[in-house]
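> The following comprises the amino acid sequence and a computationally predicted model.
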Amino acid sequence: MTSPQIQEPCSETSTITFKDRAATGLKYQIPCIPLRGKTPVLQDWPNVATLDPAQIEKWNAEFPDHNAGMVAFAQPGGHWCFEVDSDDVAKRYKEDTGHSLPSNTLVVQSRPSRGHRWFRHNAASIAMGNISQNDILQKDFSVRCDRQQAVSPGSIHPDTGDIYRIVKDREPQEAPAELIAWLLKQKTSGVGKLEAKGNPGAIAEAPIPSGSRNSALTSLGGRLHHSGLSDALVLDALLEANDNRCTPPLSVEEVKTIAKSVCRYDTSEDVTATVSFGNPKQSAKSVLTREMVLRRGDQYDPTVTPWLWPNRIVANNINVFSGEPDKGKSLCWADFVSRLTTHRDFPDSLNECGGPIDVIVMASEDDIDSTIIPRLIAAEADIQRVHFVEIQENESGTIIEGIAALDRDLPAIAKLIEDLRKKSINVALIVVDPIIAFIGDADPNRDKEIRPIFSRMKTFSKKHGLAWLTVNHLNKNSSATSINRTSGAKSFVSAPRATWMFADDPDNPERRLMMKGKGNLVKQGIKSLAYRITETFIQYKGKEFVDQKLRPVGVPRIQWDGESEQLADDVLQSAADPASRRSIKAEELLKTLFDESPMGVVLASDAYQAGEAISPTIGEDKLKRAKAKLKVEVFRLNERWYWARGKEEMKAFRATGGLYIPKPEQTKTLYEKAS
């Protein structure tokens, strides 16, 4: 099979099909996908990219006029693409290295001075990782190493109408080491934010203070050496990092010693195992390849756990809010989002995020316009920084509302985040309320189906540098420990790094509690937070107002009420055990009766009658629990039962043989006055 050789766009575009545009990928074993312009048509395109001719034929019938894309995968036998967007790239490369850009490989031109160079992966290129234009000071090239695509030859540029042409029709070769080293160096001098863990060969930009210089340069040198760079290039990179980042810099001799130390290890000591599975007699799509690598501990950078809300909400990972309905979970995340978007401090700690943060919200139970937006406004959020995921899908030719599915829509969400960040919008959190509505086709009660979703979410967090905050309800197993109360499969609570439980305060039903459920990253002994649900008024123009005029509308919001020593297990067990529940009103009634009694003693029958007279909710059971909570002394005298505030009052009352006790109707007046 040969690649299409296109000459003039005006005369030949009508005869070129998707199959023709995918021919180059099939020829050089680079998986292909259909594109609309430059955008993949299929949602899960990295996982469905194929070399299977039968699948290409099917797509050709379904998308005959579409462009094709060739997909890069960071794996042995895979390929990567170096996209050049200006003449200046070749000029800078020549000045820095003394070489011209490699041309002994597959080269595709998109426009004059712009195009793609395709290379075959080796250890150094796999370690290099993707490099976006935002990582480059001049923003004039990018590197697509893993699960990214470039438009195939024969396709039409959506903006100019030019055809992507093959300039060098050659088998992709491995890139020379100086090219990879140059690309990494360009990245480290750029203005983009680097993720050293995602790109083992990358040099992070953070300053290195005195006391950490040797260990930081050793770790960096080990990663660069492991990526396949020569000893000389490793030394150059360490000298540059020392000059630009170390305060103060080490001596040149010290840096040389570090470089010599890390380069003495033979990278062949690493063990790699490649396993193919599937039926090799079937299509290429059915045969998958997995690679295992053993990597030494000195090739990793130890990192400190990053937080969005110190010691409560972990950054770059998964968090969960769990609780019964109507306990304020959604109001609490609305308050949290408000503090992120306006950079206000948290109720128990400073906001150390460095500035306002944008948030993405996926919500299904509460209406966005009539419930969530008013709550965010009441919480004083900057709603311009809150972005809601909406989805539409075709069903029998009709556009209907759909719901995102985390088992298949993560690539689409990643694209949304990428588009926001291109506009310099700092997205660092995705709220999913409730998580169970967004798991797609997976069975929520089968851990085998739920665990892979959370694994992909966790990888997504680290790759894109953002946190998940999921919301879930409790199951009906009231006898279970707090960590086992979250609904659904165990992964709903075991996968997140921080779990927070929400329930009524057993000591005060007017308050609610946010309590640690699980969190091996959360510091030991962190206290629960108490809060009340209050009402605030916002100017609101709802659909129900015929005149469409602004008017004050009451909206619930969180009012934090200090810290609490209450623990999740104790509180949830108390809520499950009716005998342990408190009644603040019943306790207040007894205290009032004792205060108004001459000797702090009341008739038990009068106490019950007082409860009935004041409120039908203060029944016998509540008064008995209040009696136990207040440690009331119960005794019998002259065939009648009495309650005394304490032992001293009981003894004094016994000694007198009994005194006047206020009647219930008098007590009601006294109680109302005291209240």
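Yep, that arrived. Numbers count the residues shown, from 1 in each chain.

> tell me which residues in stretch 586-601 are buried?
The neighbour-count check on stretch 586-601 (16 or more other C-beta atoms under 10 Å) flags 586-590, 592-594, 596-597, 599-601 as buried. From N, CA and C alone the C-beta is placed, and that goes for glycine too.

> now those as TSV including pLDDT and secondary structure?
What follows is the buried residues of stretch 586-601, written out as TSV (pLDDT from 0 to 100; DSSP: H, G, I helix; E, B strand; the rest coil):
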residue	pLDDT	secondary structure
586	82	helix
587	83	helix
588	84	helix
589	86	helix
590	88	helix
592	87	helix
593	88	helix
594	88	helix
596	83	helix
597	83	coil
599	83	coil
600	87	coil
601	89	strand
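
> So residue 431, which state does it fall into?
Of the three states, residue 431 takes strand under DSSP: H, G, I helix; E, B strand; the rest coil.

> contacting residues around it?
333, 337, 359-363, 469-471 (C-beta atoms under 8 Å, 6 or more residues apart in numbering).

> Can you get me the start-to-end distance on stretch 460-472?
Separation of the first and last residues of stretch 460-472 by C-alpha to C-alpha, to the nearest Å is 20 Å.

> Going by neighbour count, list what's buried in stretch 163-180.
Buried, per 16+ other C-beta under 10 Å, within stretch 163-180: 163-166, 172, 174-175, 177-180.

> and what of stretch 234-248?
Of all the residues in stretch 234-248, those buried under the rule 16+ other C-beta under 10 Å are 234-239, 241-242, 245-246.

> Just the C-alpha atoms of stretch 318-327, please, in CSV.
Extracted in CSV, the C-alpha atoms of stretch 318-327 (Å, rounded to 0.1, in the frame of the first residue of the first chain):
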residue,chain,number,x,y,z
ILE,A,318,-9.5,12.0,44.4
ASN,A,319,-11.6,13.2,47.4
VAL,A,320,-15.1,12.3,48.4
PHE,A,321,-17.9,13.8,50.5
SER,A,322,-20.3,11.1,51.9
GLY,A,323,-23.4,11.5,53.9
GLU,A,324,-27.2,11.1,54.1
PRO,A,325,-29.3,13.4,51.9
ASP,A,326,-30.0,16.9,53.2
LYS,A,327,-26.9,17.0,55.5
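
> buried sites along it?
Judged by neighbour count (16+ other C-beta under 10 Å), stretch 318-327 contains these buried residues: 318-323, 327.

> can you put those in CSV and add pLDDT and distance to residue 416?
Below are the buried residues of stretch 318-327 laid out as CSV (pLDDT from 0 to 100; distance: C-beta to C-beta, whole Å):
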residue, pLDDT, distance to residue 416
318, 92, 19
319, 92, 20
320, 92, 22
321, 93, 23
322, 88, 27
323, 85, 29
327, 88, 31
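
> related to what we said a few turns ago, quick check, nearest of the buried residues of stretch 586-601 to residue 378?
Distance ranking of the buried residues of stretch 586-601 against residue 378, using C-beta to C-beta, places residue 588 first at 30.6 Å.

> Does residue 538 touch residue 376 like I think?
No: Residue 538 lies out of contact with residue 376 (C-beta atoms under 8 Å); the separation is 10.0 Å.
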